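**Q** Sequence first, predicted model second:
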Amino acid sequence: HTFFNFNKRSYNSKHTIDTKLMLDDKMCTTTTTTSPTKNTDKKRKFDDDDGIPTPEFTAVDHISLTSHSDTFGVDPVPISWAHPDPLVRGPVICTVRHSSQRNAIGAHSGSYCIYTGLAVAAGKLNPDYMPNLKLTSPVFQIGPHPSWSDPKKIASIDPFGHLITSAYSKYLEKGFDIRPTIAVTKAHIDLPECREAVTAGRLIPDGKILMPSGQSICSKAAIEPVWYLPEVARRFGCTEAHLRQSVFRMTNGMYPELITRPDIKIFLPPIGGMTIYIWGDPDTIPDEDIELTCRVHDECNGSDVFGSDICTCRPYLTHAIEECIKTAQRGGCGIVIYFRKEGRSLGEVTKYLVYNTRKRQEGGDSAANYFNCTEKVAGVQDTRFQALMPDPLHWLGVTKIHNFISMSDMKYDAIVSTGIKIVNRIEIPQELVPTDAQVEITAKVFHGYNAGESYKGIGQNDMDNTKGREYGYNEKDEKEKIVPASP
């Protein structure tokens with residue numbers, strides 16, 4: 001009652017209640033509607049004969065309660081997902097300026113959308129601001145590819161998300177606020193491992209892909225997730241209704257439209273996206289006769305950024321980058337796709353709780369209980385699943401991977417099930433596995449990861465005898481103890 005101050009005024013023929021919402025000592029008009037059906041009386045307005053509707057702008061101080069179906073997307077711009085023509089397909093409209101015409105649930109920028117709200121609350125951002133996209137177009141071309149019009153290949157990203165200024169220029173000219181969900185640019189990558197590889201002679205600078213300094217030149221694309229809910233549900237083997245209800249329930253009702261608006265099929269989830277790094281000519285990616293090296297990597301901040309040695313994440317990632325550079329120098333192309341799926345998509349807090357459980361359990365950290373510890377803490381071993389993971393590969397036009405720098409059976413199975421061929425599976429070299437990560441690599445290979453030549457023969461005896469570092473959590477002095485690695 002200290003935040004909401006509702007005054008029931010009157011009911012009209014549509015059972016609308018005019019209310020007042022108290023925000024920052026200002027009274028903002030809101031509208032809620034008790035009717036469970038969409039307003040079908042409204043006729044879409046057009047200025048011209050180009051088939052593009054006239055934008056309708058929502059006042060900044062107007063709050064639409066999306067828990068009621070008639071206050072959100074009363075007249076959504078139509079989307080025909082997977083249509084090859086972007087104008088027929090229609091743009092994804094998920095900004096706050098066109099409440100009645102919005103055709104997607106959620107908000108742009110994933111979890112960072114909350115910071116946008118904070119910027120408005122702090123008076124640092126005008127909510128009416130329209131981004132200047134004039135100079136933001138991709139610096140190299142990607143697509144279109146046949147996979148863009150197949151929902152079984154792309155349903156978790158918008159394949160036209162980087163082409164807003166070209167494909168939907170007429171919408172922008174009319175005043176629509178449409179945001180890119182993909183940005184394409186170029187960069188120089190400077191990794192100490194690459195400098196070391198140059199010094200050791202494993203990498204030879206060519207002045208084109210790799211500089212004498214050890215810097216490599218690459219192209220890259222940042223992608224925000226855009227889900228087409230019917231296909232996402234199919235991939236997870238459930239109904240769309242069950243998917244919507246599950247997400248609604250487990251986000252504490254964060255998105256009422258998932259329940260109230262089953263006609264809105266697009267969802268921008270509040271999760272991390274992905275970044276694609278490309279070494280070599282991106283135009284060669286669809287050509288199956290040209291060598292393609294690829295790693296699909298899931299975020300691990302502790303290892304990737306800070307060098308934690310409890311897992312193989314950073315050494316495997318940097319090894320993949322080295323192989324991508326070599327492939328590009330041979331005239332092929334190398335790809336690393338970096339997903340924001342920290343801690344197997346369970347989050348970093350959960351991951352650290354699992355670390356503590358591993359180290360404190362009876363008998364210490366062991367390969368035999370590696371996966372059990374995660375399940376004890378989180379209730380599940382892994383929530384990455386990988387069902388949506390191949391989509392950015394299809395966005396790039398990948399149909400064949402010659403060198404897959406991954407031992408994961410789940411990633412391999414997910415990719416080949418969508419029609420992409422994989423020729424070689426490359427395991428991490430043994431010398432790159434940190435001592436404390438022997439627990440991880442042993443458990444993963446035993447439970448189905450591709451062993452390759454380096455890890456053949458791992459059996460129950462290895463599972464029982466591979467132990468990790470002990471920290472002495474239960475000792476008063478908590479001095480670190482190291483268990484010597486077995487030869």
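**A** Ah, there it is. Residues are numbered from 1 along each chain as shown.
**Q** helix or strand for the closest residue to residue 338 other than its chain neighbours, which one?
**A** Once flanking residues are discounted, residue 338 sits nearest to residue 275: 4.7 Å by Cβ to Cβ, 6 or more residues apart in numbering. To be clear about C-beta, it is placed using only N, CA and C from the backbone, and glycine gets the same treatment. Residue 275 belongs to strand 274-280 when assigned by DSSP states H and E.
**Q** ok, that strand: who's next to it in the sheet?
**A** Within its sheet, strand 274-280 is paired with strand 216-223 (antiparallel), strand 333-339 (antiparallel), according to DSSP bridges.
**Q** ranking those by burial, who's on top?
**A** strand 333-339 (a mean of 24; mean count of other Cβ atoms under 10 Å).
**Q** quick one, helices of the stretch 301-450 of the chain?
**A** All helices of the stretch 301-450 of the chain, identified by DSSP state H, counting those that start in this stretch, fall at 301-304, 313-329, 348-360, 370-378, 391-396, 409-416, 438-446.
**Q** Please identify the buried residues of stretch 319-337?
**A** Neighbour counts over stretch 319-337 (16 or more other Cβ atoms under 10 Å) mark 319-329, 332-337 as buried.
**Q** sorry, back to before: bridging residues for the residue nearest to residue 338?
**A** residue 222, residue 338.
**Q** wait, isn't it in contact with residue 218?
**A** No - using Cβ atoms under 8 Å, residue 275 is not in contact with residue 218; the gap is 10.8 Å.
**Q** Tell me, what's the model's pLDDT at residue 318?
**A** Here the pLDDT value assigned to residue 318 is 97.
**Q** Nearest spatial neighbour of it, chain-adjacent residues omitted?
**A** Excluding its sequence neighbours, the residue lying closest to residue 318 (Cβ to Cβ, 6+ apart) is residue 193, at 4.0 Å.
**Q** quick one: contacts for the one you found?
**A** 318, 321, 322 (Cβ atoms under 8 Å, 6 or more residues apart in numbering).
**Q** Residue 121 and residue 130: what is the separation?
**A** Distance of residue 121 to residue 130, given as Cβ to Cβ, to the nearest Å: 20 Å.
**Q** wait, residue 238
**A** For residue 238, the distance to residue 130 - Cβ to Cβ - is 38 Å.
**Q** before we move on, what about residue 229?
**A** Using Cβ to Cβ, one gets 28 Å for the distance from residue 229 to residue 130.
**Q** Over to residue 219?
**A** 28 Å.
**Q** and what of residue 145?
**A** Distance from residue 145 to residue 130, by Cβ to Cβ: 31 Å.
**Q** So for the two, which sits in the more crowded spot?
**A** residue 145 (20 against 13; other Cβ atoms under 10 Å).
**Q** What score does the more buried one have for pLDDT?
**A** Residue 145 is given a pLDDT of 97.
**Q** how about the nearest residue to residue 432 once chain neighbours are set aside, what does it touch?
**A** Leaving out its chain neighbours, the residue that sits closest to residue 432 by Cβ to Cβ, 6+ apart is residue 315, at 4.0 Å. Residue 315 is in contact with 428, 432, 433, 434, counting by Cβ under 8 Å, 6+ apart.
**Q** is residue 403 in a bridge, and if so with what?
**A** Bridge pairing for residue 403 - DSSP bridges - gives residue 293, residue 424.
**Q** Can you verify my assumption that it contacts residue 333?
**A** No - with contact defined as Cβ under 8 Å, residue 403 does not reach residue 333; the gap is 10.8 Å.
**Q** Thank you kindly, that will do.
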